[in-house]
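Colleague: sharing a model that was predicted from the sequence below.
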Amino acid sequence: MSKVERERFDPARLRRDIVFQERLLGHPLTFHTTWGLFSPKGIDAGTHLLLDHLRVAPDERALDLGCGYGPLGLAIAKEAPAGFCTLVDKDFVAVEYARKNAAINGIENVEVLLSNGLDQVPPERRFTLAVTNLPAKTGKEHYYLFFHDIRERLEPGGRFYVVVITGLRQFVARAFKEVFGNHRKVKQGKSHTVAMAAKR
């Protein structure tokens, strides 16, 4: 192994947090991440596309499903100072970093829960907005569970935005029509598509 490779794969270096800054929804945010989390070196294209086409009310009560280290949920919380955002993830490392990033950025109108879907979210909790960057490699059964659970928790008129790889856009359109009775393609990019459904 060359000297460059030894330095690149040095365990002490690899254990240090990866740190970067991004401007999301107009707010400068600092993120700490680590290897093993999704998109650890910077905000992925799908998250950027979703945020570029998302309107957030100042008093939004929002849910970020599968929050990772927190870019969607923390940006929404920052944009909704009179609102609140619940971030959930089934990965305890992701939850740890989302909590860390909320503290680093001084964002207090959030909670971060270790939860398989919504099973650890208090049952009385209701939302006006839900967002998720859907993972590409999971079963469609899993997606349907997410969609039904979110529909149950949305207030009437609440909106659910997803970003998916473009190859899944037709599945999402069909599933949204089945579960919510409606579907709108918000934006189709080169590699990702943002779609929205509303609870009527």
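Modeller: Yep, it's here.
Colleague: dump stretch 107-116 to CSV, restricted to CA.
Modeller: Extracted in CSV, the C-alpha atoms of stretch 107-116 (Å, rounded to 0.1, in the frame of the first residue of the first chain):
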residue,chain,number,x,y,z
ILE,A,107,-32.1,24.4,16.1
GLU,A,108,-34.4,23.8,19.1
ASN,A,109,-37.8,23.3,17.4
VAL,A,110,-37.1,19.7,16.6
GLU,A,111,-37.1,16.2,18.0
VAL,A,112,-35.2,13.3,16.6
LEU,A,113,-36.5,9.8,17.3
LEU,A,114,-35.1,6.3,16.8
SER,A,115,-38.1,4.7,15.0
ASN,A,116,-39.0,2.1,12.5
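Colleague: got the buried residues for that stretch?
Modeller: When burial is assessed from 16 or more other CB atoms under 10 Å, stretch 107-116 yields the following buried residues: 107, 109-113, 115. Yep, even glycine has a C-beta here, placed from its N, CA and C like the rest.
Colleague: element containing residue 169?
Modeller: Element membership for residue 169, per DSSP states H and E: helix 169-179.
Colleague: now stretch 179-195: buried residues?
Modeller: Using 16+ other CB under 10 Å as the test for burial, stretch 179-195 gives 179-180, 183, 186, 192-195.
Colleague: go on, stretch 65-82?
Modeller: Under 16+ other CB under 10 Å, the buried positions of stretch 65-82 are 65-80.
Colleague: please list all residues in contact with the closest residue to residue 192 other than its chain neighbours.
Modeller: The shortest distance from residue 192 to any non-neighbouring residue, by CB to CB, 6 or more residues apart in numbering, is to residue 46 (4.2 Å). By CB atoms under 8 Å, 6 or more residues apart in numbering, the contact list for residue 46 reads 133, 163-165, 191-192.
Colleague: got JSON lines for the residues you listed, with secondary structure and distance to residue 145 too?
Modeller: Putting the contacts of residue 46 into JSON lines (DSSP: H, G, I helix; E, B strand; the rest coil; distance: CB to CB, whole Å) gives the following:
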{"residue": "133", "secondary structure": "strand", "distance to residue 145": "17"}
{"residue": "163", "secondary structure": "strand", "distance to residue 145": "18"}
{"residue": "164", "secondary structure": "strand", "distance to residue 145": "16"}
{"residue": "165", "secondary structure": "strand", "distance to residue 145": "19"}
{"residue": "191", "secondary structure": "coil", "distance to residue 145": "25"}
{"residue": "192", "secondary structure": "strand", "distance to residue 145": "22"}
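Colleague: many thanks, have a good one.
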